[in-house]
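**Q** Provided below for reference: sequence and predicted model.
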Amino acid sequence: MNFDEIKKRYNKKISEILKHNKNYYDKNSPIISDKDYDELKKEILDLEKKYNFLASDDSPSKIVGFKPSKNFKKVKHKVSMLSLSNAFNEEDLINFEKRVINFLDKKDDLEIEYSAEPKIDGISASLFYKNGKFITGLSRGDGKEGEDITENLKTIKDIPLKIDAKNFPQEIDIRGEVFIQNSDFKNLSDKFANPRNAASGSLRQKNPNETKKIPLRFIAYTYGYEKNMKMNSQSEYLKNLKKWGFVTNPLNKTIVGIKNLLKNYLEVEKKRDQLDFDIDGIVYKVNDFKLQKRLGNVANAPRWAIAHKFSSTKGVSNIIDIDIQIGRTGALTPVAKIKPINIGGVIVSNATLHNEDEINRKDIRVGDTVIIERAGDVIPHIISVDLNKRQKNSEKFVFPKKCPSCGSETIKEYNLTTKKKDSVRRCSSEGFKCEKISIEKIKHFVSKDAFNIEGFGKKIVENFWNLQLVQFPQDIFKLDYLKIENLDGWGRQSVANLKYSIDLRKKISFERFIFALGIRHIGLENAKLLAKNLKSFKNFINLSKSKNFSELLNIDGIGETQINSIKSFFSNQENIKVLSELSKIISINKKTETKKDGPLKNKNFMLTGKLENMSRAEAKSLIEQNSGNIISNISKKLDYLIIGDKPTKRKIDSAKELNIKILNQSDWLKMLNKTS
Ligand code: IVH
């Protein structure tokens, strides 16, 4: 490359990063992943290092963030708000420590103490206090000049307005991160792309009354200008922040040695999914303030700190195609086939698009460039579309009006509970007419909570279906084992094992049997309720004969939605045939799988609110396994109301009126001799 070419390349990268800065800091709507942004930044810094004639006032080596928005008064920071340099691996960390030791002219074997602080992905703010009073609050802006967002910051409960502590400095800029917890973000997710944008958007709006409505949080971690602060280290400062009434990160640690930094990094990364706030790495700060002062800054980052980034959970890719998958209940789920990308060490080539409404809302099209997120075990999904990169000839995706598997009409049902049309479109075929639905029904039939046939996995179901060995559930019990023995991958022993697992399940409990049928809206809990009330398979079959479905309404927990679904199940001749064939082969045990004399015998329970570490279904079955009953209306029959997080107030009030005992989760678990 000659001089002009290098300059041209550099300027192109600078204008690119300027565009991304504007999108990220000003519009709160990034169009590239953090990882790609970091890469772009590194490319620019590398070019500058290699060719010292390259310079731009807009370079990330000179500026931080983006110039303040016009909505607010601009105020200069007395001490600049800096950025942090990044480390991505052990080698980067070793080099960082070497630089520190060389700069301080210390011996190589010196062990430096660090404050290790999870790096919250929010918006930084600087709060100026004079004589213990909160005076002005600024956003970071471009690092030199921020926006005066005092009134908005005052609405945040974590920010103390007055501090009386004796050792609180006469003047100080307390700095930290404003963010929103993921659990609070859930209620705002239709307005903002992610928690960070929600925090930024609500913090930088004109009207503080609007900010007040958003549950913003503040975690303090550093300071800017100060007068009369008598602290010796970052860990001492963090301790005092807490005493002064600020919130600090509970995962902060003081650590010596790179090995221990790495150990802590891995531990925190493991917990990352369970935290209620997003973190994108860990910040390591040389703990001793004297050493920090000596080390000082390079360009726009301190020499005494580094951010050890976690592997990214986001990436950018292209949609090659949109596939429609069909589930057991006929739901059509769109899946984006994307150009494979590595996100945090995992190759991702599919991303769920949830349903038709989601595609329309985000206007996702084949050929689009999209940001994909893969967090923990959650299925990768699309966060946003980069409209700037959309091809001119791109066409809106038309969701199929006919089932791609069987050609039946697809429909959106009216949901009785939400009183709205479903966002999910379904194949309208019944019984076993649709091939894809049938395969999924059989997979469900053999699954763990249903017939639990060991060794009969999803791949085997698909394989046997293709070979026409199974088309209906009853075929499982009439398999041609000789034929299977000759198939690729099978042998005498594996066939014997399969036969053993199948024969073992020729005896089954009534509730498992009902669940295995895969009737829509009849999950495990409802299957149990039906089994318990109907008592026998004969009564179940008679339902269809007598057409007396409304008697099911007497069962607590069974409503109109479930009854309509059972009706439609019995109105299909194929289903009736499956039932009659199965009844010839298997024996259905009347007993439900519960203890007769459990500690909750003859007691009626009701649940409200979310329990800790336990789903509603699990709580219900725990009650039933211990001989208790679940009822769904508050009446004198009710013995206990169990309350979790965010219970329904009305239920508590009615329970109190009727003198019904109210239990929290741990009281209830004590009744079962369990602790939470
Ligand atoms: S120290 C001068 N500590 O990371 C050192 N920053 O890329 C800079 N951040 O602007 C601040 N957690 O928004 C520091 N425990 C922490 C942090 C933290 C998150 C953010 C902050 C800062 C950015 C630097």
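**A** It's in.

**Q** check which residues of the lengthiest helix in the chain are buried.
**A** The single longest helix within the chain, with elements called by DSSP state H, is helix 3-21. Buried residues in helix 3-21, defined by neighbour count with 16 or more other CB atoms under 10 Å: 10, 13-14, 17, 20-21. Every C-beta, even on glycine, is put in place using the N, C-alpha and C of the backbone.

**Q** mind listing what's buried in the helix or strand that that helix is followed by?
**A** Going down the chain from helix 3-21, the next helix or strand is helix 34-50, by DSSP states H and E. Of the residues in helix 34-50, those with enough neighbours to count as buried (16+ other CB under 10 Å) are 34-38, 40-41, 44, 47-48.

**Q** next one: stretch 559-576
**A** Buried residues in stretch 559-576, defined by neighbour count with 16+ other CB under 10 Å: 559, 562-563, 565-566, 569-570, 572, 575-576.

**Q** show me where pLDDT drops low in the stretch 301-450 of the chain?
**A** 376-377 (pLDDT under 70).

**Q** now the helices for it?
**A** 356-362, 435-446 (DSSP state H, counting those that start in this stretch).

**Q** for the helix or strand bottoming out on mean pLDDT in the chain, C-alpha coordinates in PDB please.
**A** One helix or strand of the chain scores below all others by mean pLDDT, DSSP states H and E: helix 616-625, with a mean of 77. Output in PDB follows, covering the C-alpha atoms of helix 616-625 (Å, rounded to 0.1, in the frame of the first residue of the first chain):
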ATOM      1  CA  ARG A 616     -45.500 -23.500  39.000                       C
ATOM      2  CA  ALA A 617     -45.800 -27.000  37.600                       C
ATOM      3  CA  GLU A 618     -43.100 -28.400  39.900                       C
ATOM      4  CA  ALA A 619     -44.700 -26.800  42.900                       C
ATOM      5  CA  LYS A 620     -48.100 -28.300  42.000                       C
ATOM      6  CA  SER A 621     -46.700 -31.800  41.500                       C
ATOM      7  CA  LEU A 622     -44.800 -31.500  44.700                       C
ATOM      8  CA  ILE A 623     -48.000 -30.800  46.600                       C
ATOM      9  CA  GLU A 624     -49.800 -33.600  44.900                       C
ATOM     10  CA  GLN A 625     -47.000 -36.100  45.400                       C
END
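
**Q** helix or strand right after it?
**A** Following helix 616-625 in sequence order, the next helix or strand is strand 629-630 (DSSP H and E).

**Q** contact partners of the helix or strand just after that next one?
**A** Proceeding N to C from strand 629-630, the next assigned helix or strand is strand 640-643, under DSSP H and E. The contact list for strand 640-643 (CB atoms under 8 Å, 6 or more residues apart in numbering) reads 603-609, 611, 619, 634, 651-652, 655, 660-665, 668.

**Q** if you count neighbours, what's buried in the helix or strand following strand 640-643?
**A** Using DSSP H and E, the helix or strand that follows strand 640-643 in sequence is helix 649-657. By 16+ other CB under 10 Å, the buried positions in helix 649-657 come out as 651-652, 654-655.

**Q** one more: stretch 536-551?
**A** For stretch 536-551, by 16+ other CB under 10 Å, it's 537, 540-541, 543-544, 549.

**Q** and for stretch 178-196?
**A** Of all the residues in stretch 178-196, those buried under the rule 16+ other CB under 10 Å are 178-181, 184-185, 188, 192-196.

**Q** by pLDDT, give me the weakest of those residues.
**A** Within the buried residues of stretch 178-196, pLDDT reaches its minimum at residue 193, with 64.

**Q** show me what from the protein comes close to the ligand.
**A** 82-84, 117, 119-120, 124, 177, 221-222, 283, 302, 305, 307 (CB under 6 Å from any ligand atom).

**Q** now this structure, which segments are flagged as low pLDDT?
**A** In the chain, residues with pLDDT under 70: 26, 28, 63-70, 189-190, 193, 376-377, 591-595, 617-618, 674-676.

**Q** what's the distance between the residue nearest to residue 124 when sequence neighbours are not counted and residue 401?
**A** For residue 124, ignoring the flanking residues on the chain, the nearest one in space by CB to CB, 6 or more residues apart in numbering is residue 140 at 4.8 Å. Here residue 140 is placed at a distance of 50 Å from residue 401 (CB to CB, to the nearest Å).

**Q** how about residue 436?
**A** Look at residue 436 and residue 401: by CB to CB, they are 17 Å apart.

**Q** isn't residue 395 up against residue 368?
**A** No. The pair residue 395 and residue 368 does not pass the contact test of CB atoms under 8 Å, sitting 11.0 Å apart.

**Q** quick check, residue 564 in a helix?
**A** Yes. Assessed with DSSP: H, G, I helix; E, B strand; the rest coil, residue 564 lies in a helix.

**Q** how close does it get to residue 174?
**A** For residue 564, the distance to residue 174 (CB to CB) stands at 59 Å.

**Q** and for residue 493?
**A** 69 Å.

**Q** so those two - more neighbours on which side?
**A** Neighbour count, other CB atoms under 10 Å: between residue 493 and residue 174, residue 174 has more, with 27 against 9.

**Q** give the contact list for the more buried one.
**A** 126-127, 129, 220, 223, 241, 246.

**Q** again with residue 175
**A** Listed by CB under 8 Å, 6+ apart, the contact partners of residue 175 are 81, 124-127, 220-224.

**Q** what's around the residue nearest to residue 124, how many residues?
**A** Using other CB under 10 Å: residue 140 sits among 24 other residues.

**Q** do you know how far it is from residue 668?
**A** Per CB to CB, residue 140 is found 47 Å from residue 668.

**Q** now residue 419
**A** Distance of residue 419 to residue 668, given as CB to CB: 33 Å.

**Q** so residue 211 touches residue 199, yeah?
**A** No. Contact criterion CB under 8 Å: residue 211 and residue 199 do not qualify, at 10.2 Å.

**Q** between the two, point out the one with more neighbours.
**A** Ranked by neighbour count (other CB under 10 Å), residue 211 and residue 199 place residue 199 first, with 29 against 21.

**Q** skipping its backbone neighbours, what lies nearest that one in space?
**A** Residue 199 sits nearest to residue 180 (CB to CB, 6+ apart), 4.6 Å away.

**Q** who's in contact with that neighbour?
**A** So residue 180 contacts 122, 188, 195, 198-199, 202, 214-217, 277 (CB under 8 Å, 6+ apart).

**Q** tell me the most packed of those residues, by neighbour count.
**A** Neighbour max across the contacts of residue 180 (other CB under 10 Å) = residue 199, 29 neighbours.
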